[in-house]
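Engineer: Got a predicted model here, sequence first, then my questions.
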Amino acid sequence: MKRKINYLTILLLSSLLITFLFSCKKDKNNGVPAIEVDLYIYTSDPSFINLNPVGGWCYITGGVRGILVYRKSISEFMAYDRNCTYNSSDVCATVFVDASNIIATDTCCNSKFSIVDGSVIQTPAGLPLKSYSTTFDGTALHIYNY
C-alpha cells in the first residue's frame, strides 16, 4: 500500500524549518541601531596623535553616539560604537574611557567594557560593545561596517 503524501504537513514542516533557521540569526548590532559607517582617519594627523602608541585611543564622530578607536598593536585597531548595549535607547547610554585607559564605562547604568576587545567587564550590560571593522595600511585607518 502506497502512502499518500500530505502536502499540508510538508508545507507546515517546511514553514517551521524556515522560520527556525531565520530566527537564529545573531544580532550583530547588540541592541545598538544600525547606522552605516565608512570613515578614514590618518594617524599622522595631529588630531589623532593619541593613536600613535600601542594602547592609545581616541573618540571620533560617527556611528550612533560616536566611535571609540583603540590601537591594539602596531597594525591592529579596534573600533566600537560608544552607545552602551544596556538600554541602548536611553539618552545617557554612552561609554567613556576611564582613567585606567583600558575600561569604558557607561555612567548611566555603570556597565563597564574592555576597550581591548569590547567585552563586558561589569553588568548590567550583557552584550559587548558594537564593533566596527578596521583595516590599516600604515597610514590610513579605515573604519566600516559593510
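Structural biologist: Right, received. Where do you want to start?

Engineer: what ranges do the helices span in this structure?
Structural biologist: All helices of the chain, identified by DSSP state H, fall at 7-23.

Engineer: per-residue confidence for the most centrally placed residue in the chain?
Structural biologist: Against the mean C-alpha coordinate of the chain, by C-alpha atoms, centre = their mean, the closest residue is residue 130 at 1.5 Å. On pLDDT, residue 130 comes in at 97.

Engineer: so what's it up against?
Structural biologist: Contact partners of residue 130, counting by C-beta atoms under 8 Å, 6 or more residues apart in numbering, are 28, 29, 30, 32, 63, 80, 81, 83, 85, 118. All C-beta spots, glycine's among them, are computed from the backbone N, C-alpha and C.

Engineer: ok, now residue 63?
Structural biologist: Contacts of residue 63 (C-beta under 8 Å, 6+ apart): 35, 37, 81, 82, 83, 130, 132.

Engineer: again, only this time at 7 Å
Structural biologist: Applying C-beta atoms under 7 Å, 6 or more residues apart in numbering, one finds that residue 63 lies in contact with 35, 37, 81, 82.

Engineer: How about residue 66?
Structural biologist: Residues near residue 66 by C-beta under 7 Å, 6+ apart: 59, 60, 82.

Engineer: could you redo the last one with a cut-off of 10 Å?
Structural biologist: When contacts are counted by C-beta atoms under 10 Å, 6 or more residues apart in numbering, residue 66 touches 59, 60, 80, 81, 82, 83, 94, 95, 96.

Engineer: Can you say which of the residues you listed are buried?
Structural biologist: Buried subset of these (neighbour count, 16 or more other C-beta atoms under 10 Å): 60, 80, 81, 82, 83, 94, 95.

Engineer: where exactly do the strands run in this protein?
Structural biologist: In the chain, the segments counted as strands under DSSP state E are 38-42, 57-60, 67-71, 77-81, 95-97, 103-106, 112-114, 120-122, 131-136, 140-144.

Engineer: Let's have those strands in TSV, adding distance to residue 49.
Structural biologist: Formatted as TSV, those follow (distance: least, C-beta to C-beta, whole Å):
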stretch	distance to residue 49
strand 38-42	11
strand 57-60	9
strand 67-71	11
strand 77-81	15
strand 95-97	16
strand 103-106	20
strand 112-114	23
strand 120-122	27
strand 131-136	16
strand 140-144	13
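
Engineer: Alright, I will stop here.
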